[in-house]
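**Q** whatever this is, show me its structure:
(one chain, ligands or ions: 1)
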Amino acid sequence: MRYDVIILGAGPAGLSAAVYARRAGLTVLILDAGAPGGKMNLTAELENWPGDQKVAGPELAYRMYEHAMHFGAEQKYGNVTKIEDGEPKKVTCDDGTVYEGRTIIIATGTKERKMGIPNETEMTGRGVSYCAVCDGPFFRDEPVAVIGGGNSALQEADYLTRFASKVHVIVRRNVFRADKIVADKATDNPKIEVHFLRKPVEVLVEDNKVKGIRIENSETHEQEDLFVNAIFPFIGLDPVTDFAKDLGICNEQGYIVTDENMQTKVPGIYAAGDVRAKFLRQVVTATNDGAIAAQSISHHLNEA
Ligand code: NDP
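**A** Have a look, this model is predicted:
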């Protein structure tokens with residue numbers, strides 16, 4: 001079957017695009033390699049989704065998914081490995097399945113950056129975790145460490161204090177990157193101890209479990225061991241665009257460059273959400289991008 005729009009990624013950008021495209025009467029396939037909702041599923045609470053003073057990420061994800069399904073979008077599991085321009089455009093998944101679409105919206109978002117230090121990979125799922133919502137409750141009354149000084153690190157550190165006895169936050173510079181309101185909330189929390197000018201150098205392991213983290217003073221290079229039972233790195237994000245590299249639509253960091261209608265330089269291929277080169281990556285801006293992309297496609301196809 002050939003779709004009017006194939007949407008890659010079922011996060012807020014993809015689901016919003018699906019709602020707008022279906023309401024414009026287009027046939028829509030959404031492909032995602034994970035659960036619908038994207039990063040909303042990993043976020044305990046949002047306080048900046050207009051209309052909800054506080055909403056649980058997974059709840060908002062489910063509501064957006066239901067909304068898109070209500071309007072008749074089709075959704076399938078698919079880990080996309082290649083997209084090709086042409087009439088039609090082709091989307092290939094890692095199981096060899098090929099889907100055909102008149103247009104494509106890339107809304108694959110970002111993935112967590114890794115620290116790249118010894119034992120990080122080996123201990124992932126055994127004490128190293130990139131999801132506080134998923135794994136925080138396993139470390140009730142135990143000390144944990146959060147790596148990073150951005151909004152994600154400090155918000156998740158704050159969330160982890162619901163469970164952990166203590167949350168050590170390891171920041172490589174002597175300042176946070178996070179917004180002041182987020183930083184103030186975290187530093188006011190008595191369970192949080194911030195270690196500025198420290199960078200992670202090794203995950204310490206004992207009996208196949210995380211025992212701590214070795215950190216190094218960024219100025220003196222002196223090392224010390226911090227004993228914690230879990231490590232949550234939140235050190236930034238990289239775009240998920242490997243499958244699109246050959247099209248020449250990404251910038252140096254791998255983010256996709258679009259015009260204000262969300263179209264890339266390849267006609268009929270659009271991008272929306274965190275995967276775009278943009279100023280502000282938020283649920284609200286992702287949904288905005290998705291709406292514009294779908295509406296642009298509706299115009300584009302009507303003119304064709
Ligand atoms: P950021 O890039 O904003 O912050 C990453 C943090 O990790 C920085 O403190 C950075 O240090 C540090 N870091 C990077 N690499 C390493 C390393 N190898 N070792 C140790 N520390 C490292 O990423 P976030 O994931 O926090 O946020 C991504 C985007 O999402 C941002 O635009 C953010 O504002 C947004 N966001 C917004 C939220 C909200 O508004 N409520 C919530 C969550 C995210 P340095 O500063 O030295 O580079």
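
**Q** for the residue of the stretch 101-250 of the chain found nearest the ligand, give me its contacts.
**A** When distances are taken as Cβ to the nearest ligand atom, the stretch 101-250 of the chain approaches the ligand most closely through residue 150, which lies 2.4 Å from it. Every C-beta, even on glycine, is put in place using the N, C-alpha and C of the backbone. By Cβ atoms under 8 Å, 6 or more residues apart in numbering, residue 150 lies in contact with 176, 177, 178, 234, 235, 236.

**Q** mind redoing it with 7 Å?
**A** Taking Cβ atoms under 7 Å, 6 or more residues apart in numbering, we find residue 150 in contact with 177, 178, 234, 236.

**Q** what of residue 275?
**A** Residues 106, 107, 108, 109, 110, 239, 240, 241, 255, 256 are the ones in contact with residue 275 under the rule Cβ under 7 Å, 6+ apart.

**Q** wait, isn't the fourth one in contact with residue 273?
**A** Yes: Residue 109 is in contact with residue 273 according to Cβ atoms under 7 Å; the separation is 5.8 Å.

**Q** joint contacts of the two?
**A** If you check residue 109 and residue 273 against Cβ under 7 Å, 6+ apart, the residues they both contact are residue 11.

**Q** check contacts around residue 243.
**A** If a contact means Cβ under 7 Å, 6+ apart, then residue 243 has 80, 81, 82, 83 as its contacts.

**Q** for it, helix, strand, or coil?
**A** Secondary structure assignment for residue 243 (DSSP: H, G, I helix; E, B strand; the rest coil): helix.

**Q** against residue 200, how distant is the residue of the stretch 101-250 of the chain closest to the ligand?
**A** According to Cβ to Cβ, to the nearest Å, residue 150 stands 15 Å off from residue 200.

**Q** which of residue 109 and residue 273 has more neighbours?
**A** Set side by side, residue 109 and residue 273 show unequal neighbour counts under other Cβ atoms under 10 Å, the larger going to residue 273 at 35 against 26.

**Q** contact partners for that one?
**A** If you count contacts by Cβ under 7 Å, 6+ apart, then residue 273 has 11, 12, 13, 107, 109, 286, 289, 290 around it.

**Q** the first one against residue 41, yeah?
**A** No: taking contacts as Cβ under 7 Å, residue 11 lies outside contact range of residue 41: 9.0 Å.

**Q** who's the closest spatial neighbour of residue 53, skipping the chain neighbours?
**A** residue 47 (6.8 Å; Cβ to Cβ, 6 or more residues apart in numbering).

**Q** could you do residue 76 as well?
**A** With Cβ to Cβ, 6+ apart as the measure, residue 31 is the residue that lies nearest to residue 76, at 5.7 Å, once sequence neighbours are left out.

**Q** just the closest of the contacts of residue 243 to the ligand, please.
**A** Ranking the contacts of residue 243 by separation from the ligand, with Cβ to the nearest ligand atom as the measure, puts residue 80 on top at 22.8 Å.

**Q** next up, phi/psi of that closest one, please.
**A** Summarising the backbone geometry of residue 80 under the convention degrees, to the nearest 10, its torsions are phi -80, psi 130.

**Q** please apply the same query to the one 3 residues further on.
**A** Dihedral pair for residue 83: phi -130, psi 140, per degrees, to the nearest 10.
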